[in-house]
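K.L.:
give me a 3D structure for the following:
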Amino acid sequence: PCTVVLDEMDRADSGTMVALNAALANGYITTPTGERITRHTDALFIATANTRGNGAQNGFAAAQQQDAALIDRFAGRRIDIDFCGGIEAAVAPLTCDGVRKMRAIAEAQNMRGVTFSYRAMMSAEGFVVDDGIPVDLALRWLAEDFGADVADRMEQAGAFGPAPDFDFDAAAGLNPAGAA
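P.N.:
Numbers count the residues shown, from 1 in each chain. Predicted coordinates for the structure are as follows:
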């Protein structure tokens, strides 16, 4: 018995993925040499994706449209997993509330392609904890990764305060403007 994880399935070429149809639906595949390979009765196929197989959407530009026959093999077996507040609070206790607010603003304002993941949240947390960056500035930097216009919209919506006036000195780090 085995588990086969098709990680990021929506990134795969749809023609390649169609080759799995027989294994998923019929329990076997036939190789180019004519050999039939039977799937173990306890084999489990798990597909992960950022989309539902309908092609690029919500900022996931590399997602490929998958064949309807392949998508049908997983019909009724999809589990949508959203962000977990407990995980967020554990990995980024200082910035999780701000990132959640930014995520809600992005959704409410239909900011296509603006995604604040666990990875982004942990990055902001690192700026705060490891580098002593103020939370508002760390959040602003995350928003600026999507462009100055996104950062401006986030600020206007109250995700963080106005941009602090900081000078950056590579040797000394961030200092409020005018500080020695």
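
K.L.:
and the helices in this protein?
P.N.:
14-18, 21-25, 68-73, 85-91, 96-108, 118-131, 135-144, 148-156 (DSSP state H).

K.L.:
need the contact partners of the last one.
P.N.:
Looking back up the chat, that one is helix 148-156. Helix 148-156 is contacted from outside by 102, 105-106, 109, 111, 114, 139-140, 143-144, 160-163, using Cβ atoms under 8 Å, 6 or more residues apart in numbering. The way it works is simple: take the backbone N, C-alpha and C, and place the C-beta from them, glycine included.

K.L.:
quick check: phi and psi on the residue nearest the centre of the chain?
P.N.:
Closest to where the C-alpha atoms of the chain average out (Cα atoms, centre = their mean) is S117, at 5.1 Å. In terms of degrees, to the nearest 10, the main-chain angles of S117 are phi -90, psi 180.

K.L.:
for A68, see how far away it is.
P.N.:
Going from S117 to A68 by Cβ to Cβ, to the nearest Å gives 29 Å.

K.L.:
what of A148?
P.N.:
From A148 to A68 the distance is 40 Å (Cβ to Cβ).

K.L.:
what of D145?
P.N.:
Taken as Cβ to Cβ, the span from D145 to A68 is 35 Å.

K.L.:
ok, now E88?
P.N.:
35 Å.

K.L.:
where does pLDDT dip in the chain?
P.N.:
For the chain, applying pLDDT under 70 flags the ranges 51-63, 78-79, 164-180.

K.L.:
now with 90?
P.N.:
Across the chain, the ranges flagged by pLDDT under 90 are 1-32, 37-85, 107, 110-120, 133, 145-146, 160-180.

K.L.:
tally of neighbours for I37?
P.N.:
10 (other Cβ atoms under 10 Å).

K.L.:
what sits against the residue nearest to it when sequence neighbours are not counted?
P.N.:
Excluding the flanking residues, the one nearest I37 by Cβ to Cβ, 6 or more residues apart in numbering is I29, at 5.3 Å. Residues in contact with I29 (Cβ under 8 Å, 6+ apart) are 19-20, 22-23, 36-37, 39.

K.L.:
any chance of TSV for the residues you listed, columns distance to F127?
P.N.:
As requested, the contacts of I29 are arranged in TSV below (distance: Cβ to Cβ, whole Å):
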residue	distance to F127
A19	44
L20	42
A22	49
A23	45
R36	55
I37	50
R39	47
